[in-house]
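Asks: The amino acid sequence is not available; the structure is as follows:
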């Protein structure tokens, strides 16, 4: 509590000094600084999302994750048995979390693959035009209900 009061006192002193030096154009800007929060924002519960992983055999594995999780996180957190999947733990040094998306989903992914991801994908088996690494796909509300295909086999680029 003492630390918080000292911080508030420091903010007030600094803001007065800036005002005197004409850093702030008007009193309104000074008041905005004074009203700045010194507490952590409340953590909102992250919304659940659903993903279906489809093996080459056609077996469907449904899993849940949270918005902000990547697909590798979802596989790990749900203890889904995909041999060797995510061997590098998302450090972009292997291609074991290679997944294949439908064309329409691939085109809607919020982030395009980086050069590093493309380099790793070059080493993946069953590579397609809509291949991505699961560790690079961050779940959003728009991706809720995603269905993604798991290739027949993996290639660990670190071997």
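Replies: Arrived safely, thanks for sending. This is a predicted model, so every value here is computed, not measured.

Asks: all contacts plus neighbour counts: C-alpha atoms, from now on.
Replies: Fine.

Asks: any idea where the strands of this structure begin and end?
Replies: Assigned by DSSP state E, the strands in the chain fall at 48-54, 60-66, 98-100, 131-133, 146-149.

Asks: For residue 77, find the nearest of those strands.
Replies: strand 60-66 (8.0 Å; CA to CA).

Asks: And that closest one, what does it pack against?
Replies: strand 48-54, helix 71-77 (3 or more CA pairs under 8 Å, 6 or more residues apart in numbering; DSSP states H and E).

Asks: Same question for it: list its buried residues.
Replies: By 16 or more other CA atoms under 10 Å, the buried positions in strand 60-66 come out as 63-66.

Asks: Direction included, what does that strand pair up with?
Replies: When sheet partners are counted by DSSP bridges, strand 60-66 sits next to strand 48-54 (antiparallel).

Asks: Which positions in the partner strand come out as buried?
Replies: 49-54.

Asks: follow-up on the earlier one: any idea which of the helices and strands packed on strand 60-66 gets closest to residue 104?
Replies: Here strand 48-54 is closest among the helices and strands packed on strand 60-66 (CA to CA), at 15.9 Å.

Asks: Now the closest one: average pLDDT?
Replies: Per-residue pLDDT over strand 48-54 has a mean of 97.

Asks: what's in contact with it?
Replies: 60-67, 139-141, 143-150 (CA atoms under 8 Å, 6 or more residues apart in numbering).
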